[in-house]
Every structure is written in C-alpha cells, then in structure tokens.
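Visitor: below are the sequence and a predicted model; questions follow.
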Amino acid sequence: MSDTNFLTLSDNEWRERLDPISYQVLRQAGTERPGTGRLLDEGREGTYACKACGTELFEAGTKFDAHCGWPSFYEAKDDAVTFIEDRTHGMVRTEVRCAACDSHLGHIFPDAPQTPTGNRYCMNSVSLTFIPADGGDAVEG
C-alpha cells in the first residue's frame, strides 16, 4: 500500500484510478452480477486485497464455496474491514467496507454454520485483487 491517504481522494480521483465497473461497486456500493467475477473460482494460496487501495483483507485459506455466485470468506484479517448497517432494497443487511479507504466490498451474513465463524463475507470479485503466495502475477477481480 502506498502513502496515499485514500480517505481524502476526490470523486474524480477515484474515477481516474478505477475502471468503470470497479468504481460503481467500490465507490457507489454497486454489486456485480452473480457468477461473473474473475475471482469466484480462484483456488490458489495467497491473499485477497482491496482493489482500490491494496489493503490486505482475506487469506485464501478462509475462502469457501458458498454457492451464492460471489467469492465468500469466513473471516477477515484483523482491523481490515468495517461494518455499516445497510437498509437498501427493503432489507436490513451489514455492509462490509475497507477500513483503509472506505470502499464497498460486499456484505456479511451469519448463515455459514459449516465455517469456523459461522459468517459468510459475500464479496464482489471486482472489489478484490488476488495476490498469489507463490509470487506470481496478481489477478484483479
């Protein structure tokens, strides 16, 4: 991660930094279509980082197939994310945001009893960058 204070970037600076779909999801709390994300089937060891600022968010070992159409994790790295009550679309949900740049990542649901935490962090693939443990090239969602 650079020394940039991401919380002070203007809307225009975010638009220059991100491609249109990433901007719509990360900065306008949009959602990519289920089953379309490049990182949905990623199975290698590594780390998932915020596509907007590079903050490490999830270890690959916490990823699981929730059969929901989006990459799912049962645990975030310590202090990497924040939570906000989301009452859009006639529902009450918990939105997950990057703690470093306040970008929208997805939502968390307490509906994964098969995991150690019982939680499902349902993340937009386009909000993440996968960094392989073997030092290979990063893959943007």
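Guide: The structure has been received and is ready for your questions.
Visitor: which helices and strands sit right next to the biggest helix by length in the chain?
Guide: The helix that spans the most residues within the chain, counting by DSSP state H, is helix 20-28. Applying 3 or more CB pairs under 8 Å, 6 or more residues apart in numbering; DSSP states H and E, one finds that helix 20-28 contacts helix 11-17, strand 104-109. Placement of C-beta: from N, CA and C, glycine included.
Visitor: which strands and helices sit next to the first one?
Guide: Right, the one you point to is helix 11-17. Right, helix 11-17 is packed against helix 20-28 by 3+ CB pairs under 8 Å, 6+ apart.
Visitor: the inter-axis angle of the helix it packs on versus strand 104-109?
Guide: Helix 20-28 runs at 60 degrees relative to strand 104-109, counting by axes from the mean of the first three to the mean of the last three CA atoms, to 10 degrees.
Visitor: each with direction, which strands does the helix or strand just after helix 20-28 pair with?
Guide: Note on helix 20-28: by DSSP states H and E, the next helix or strand toward the C-terminus is strand 46-50. Paired with strand 46-50 in the same sheet, following DSSP bridges, are strand 56-59 (antiparallel), strand 128-132 (antiparallel).
Visitor: now the longest one: average pLDDT?
Guide: To tie it back to what came earlier, the one meant is strand 128-132. For strand 128-132, the mean pLDDT works out to 98.
Visitor: show the contacting residues for the residue nearest to the spatial centre of the chain.
Guide: Centroid-nearest residue in the chain, with CA atoms, centre = their mean: L105, separated by 3.7 Å. L105 is in contact with 26, 50, 57, 81, 96-98, 121, 123-124, 127-128, counting by CB atoms under 8 Å, 6 or more residues apart in numbering.
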